[in-house]
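K.L.:
This is the structure alone, sequence omitted:
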């Protein structure tokens, strides 16, 4: 059973960089052909796809986040990370990491989510 766990600071100052890590257990992030990504849900709004990274290390981003988002991985730790730059209070949300069966497929395994608040 694959399990995903998000970690990172719960409070970030405006204009700073939000950094989150997703630690995966029960399966390798390099296994063909899985896709690992990030979603978020701002308060009172729907889920927003941010981007992801493939089993091979290729990244893709939603146009809404591409200019200020980076997703990377640490294969030795079986982790992948999210960095969101120049955050504003509008980036306050619950952030989720997920695994899908491939690019364009719906998330199948999810982390429990982590609340991130952007505030001074």
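P.N.:
Yep, it's here. In this text the structure is predicted, and so the values were computed from the model without any measurement.

K.L.:
Centre of the chain to stretch 4-15, how far?
P.N.:
Shown here is stretch 4-15, whose average C-alpha point lies 11 Å from the average C-alpha point of the whole chain (C-alpha atoms, centre = their mean, to the nearest Å).

K.L.:
What residues sit buried inside that stretch?
P.N.:
Taking 16 or more other C-beta atoms under 10 Å as the basis for neighbour counts, the residues of stretch 4-15 that come out buried are 4, 6, 12. C-beta here means a position set from N, CA and C on the backbone, and glycine is covered the same way.

K.L.:
neighbours around the nearest residue to the second one once chain neighbours are set aside, how many?
P.N.:
When the adjacent residues along the chain are set aside, residue 6 lies closest to residue 114, with 4.1 Å between them (C-beta to C-beta, 6 or more residues apart in numbering). Residue 114 has 20 neighbouring residues, counting by other C-beta atoms under 10 Å.

K.L.:
Identify the bridge partners of residue 114.
P.N.:
The residues paired with residue 114 through beta bridges, assigned by DSSP bridges, are residue 95.

K.L.:
Thank you kindly, that will do.
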